[in-house]
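>>> Provided below are the primary sequence and the corresponding predicted coordinates.
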Amino acid sequence: MNFSYLTDPAHWDPSNPGSIPNLILSHLGYTALALLIGAVIALPVGLYIGHTGKGSFIAINAGNAGRSLPTLGLLMLMVTLLGLGLLPVLIALTVLVIPPILTSAYAGMRNLDHRVVDAARGMGMRPWQVLSRVELPMALPIMLSGFRNAALQVVATATVAAAVGLGGLGRLLIDGLAVNDYSRVLAGAIVVAALAVLVDLFLALIQRLIVSPGLKGS
């Protein structure tokens with residue numbers, strides 16, 4: 001295997017727009033935007049369905065739909081409808097991250113220890129207090145696991161942005177294949193894999209810090 005692209009200092013020079021650090025930043029930008037938009041959409045829906053039990057079929061079927069939906073095919077459809085640019089990429093990636101976030105929020109709320117919830121109500125807590133002080137903290141481990149799963153998926157899939165002329169680490173794959181530069185392709189694959197691992201480790205650390213010690217075994 002040829003690692004010359006990875007070991008060339010010129011490809012790590014931040015002053016070069018096409019350098020690996022700049023591609024990583026743009027890749028993380030697409031990832032963060034998709035996760036943010038997906039969370040804003042999916043979390044309230046998942047929490048509501050899990051809290052009320054209404055529309056459970058939506059949460060259950062969302063996970064199956066998310067696993068079967070071809071992101072690249074959806075991206076090409078969005079490009080056909082909307083043209084080239086960031087919007088089609090964000091739509092495709094957001095659709096990818098919504099199912100795991102929605103289903104984990106739903107599962108977190110449905111798997112609560114209802115004896116604890118009933119005890120909180122018996123203490124005179126108002127509904128919003130029960131939700132914010134009891135239900136959400138108890139559901140947090142499952143919700144964060146779903147968010148980590150969504151983050152891994154979008155980090156790996158955000159390479160499709162390069163297929164429609166945008167940046168990100170997919171540029172190493174697309175441009176490398178275009179000129180038969182397999183050292184560049186290998187570099188892209190390695191950096192994407194390493195980035196996914198680092199993102200997951202970072203989110204695992206965040207989860208460890210914010211989840212109550214008594215719930216970490218949940």
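Yes, it's here. Numbering: from 1, shown residues only.
>>> if we ignore the residues flanking it in sequence, what's nearest Leu173?
Closest residue to Leu173 apart from its sequence neighbours, by CB to CB, 6 or more residues apart in numbering: Gly188 at 4.4 Å. C-beta here means a position set from N, CA and C on the backbone, and glycine is covered the same way.
>>> for Met138, give me the pLDDT.
Met138 carries a pLDDT value of 85.
>>> the helix or strand that it is a member of packs against which elements?
Using DSSP states H and E, Met138 sits in helix 136-157. Under the contact criterion of 3 or more CB pairs under 8 Å, 6 or more residues apart in numbering; DSSP states H and E, helix 136-157 touches helix 20-52, helix 86-110, helix 182-210.
>>> out of the ones you listed, which is the most enclosed?
Greatest average neighbour count among these goes to helix 86-110 (a mean of 23), per mean count of other CB atoms under 10 Å.
>>> and the angle from that one to helix 20-52?
40 degrees (axes from the mean of the first three to the mean of the last three CA atoms, to 10 degrees).
>>> run the angle between helix 86-110 and helix 136-157 for me.
Using the same axes, to 10 degrees: helix 86-110 against helix 136-157 is 150 degrees.
>>> could you give the mean pLDDT of helix 86-110?
91.
>>> same thing with stretch 156-164?
pLDDT averaged over stretch 156-164 gives 91.
>>> pLDDT weak spots in the chain?
Applying pLDDT under 70 to the chain flags residues 1, 62-64, 66-67, 212-218.
>>> center of it - which residue?
Residue closest to the average C-alpha location in the chain (CA atoms, centre = their mean): Ala151, at 2.5 Å.
>>> contacting residues around it?
31, 35, 97, 199-200, 203 (CB atoms under 8 Å, 6 or more residues apart in numbering).
>>> which pair of those spans the longest distance?
Farthest-apart pair in these is Val97 and Asp200; separation 14.3 Å (CB to CB).
>>> ok, now which ones touch Ala150?
35, 38, 96-97, 100-101.
>>> let me know the closest of those residues to Thr7.
Nearest member of these to Thr7, counting by CB to CB, is Leu35, at 31.6 Å.
>>> spit out the contact partners of that closest one.
Contacts of Leu35 by CB under 8 Å, 6+ apart are 97, 147, 150-151, 154.
>>> could these go into JSON lines alongside distance to Leu172?
Formatted as JSON lines, those follow (distance: CB to CB, whole Å):
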{"residue": "Val97", "distance to Leu172": "23"}
{"residue": "Phe147", "distance to Leu172": "27"}
{"residue": "Ala150", "distance to Leu172": "23"}
{"residue": "Ala151", "distance to Leu172": "20"}
{"residue": "Val154", "distance to Leu172": "18"}
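>>> which among the residues you listed gets closest to Leu81?
Val97 (20.3 Å).
>>> ok, now which ones touch Leu195?
For Leu195, the contact set (CB under 8 Å, 6+ apart) comprises 24, 27-28, 155, 169.
>>> for Pro100, see how far away it is.
19 Å (CB to CB, to the nearest Å).
>>> please apply the same query to Asn22.
For Asn22 relative to Pro100 (CB to CB), the value is 29 Å.
>>> cool, and Leu203?
13 Å.
>>> give me the common contacts of these two.
Joint contacts of Leu203 and Pro100 (CB under 8 Å, 6+ apart) are Phe147.
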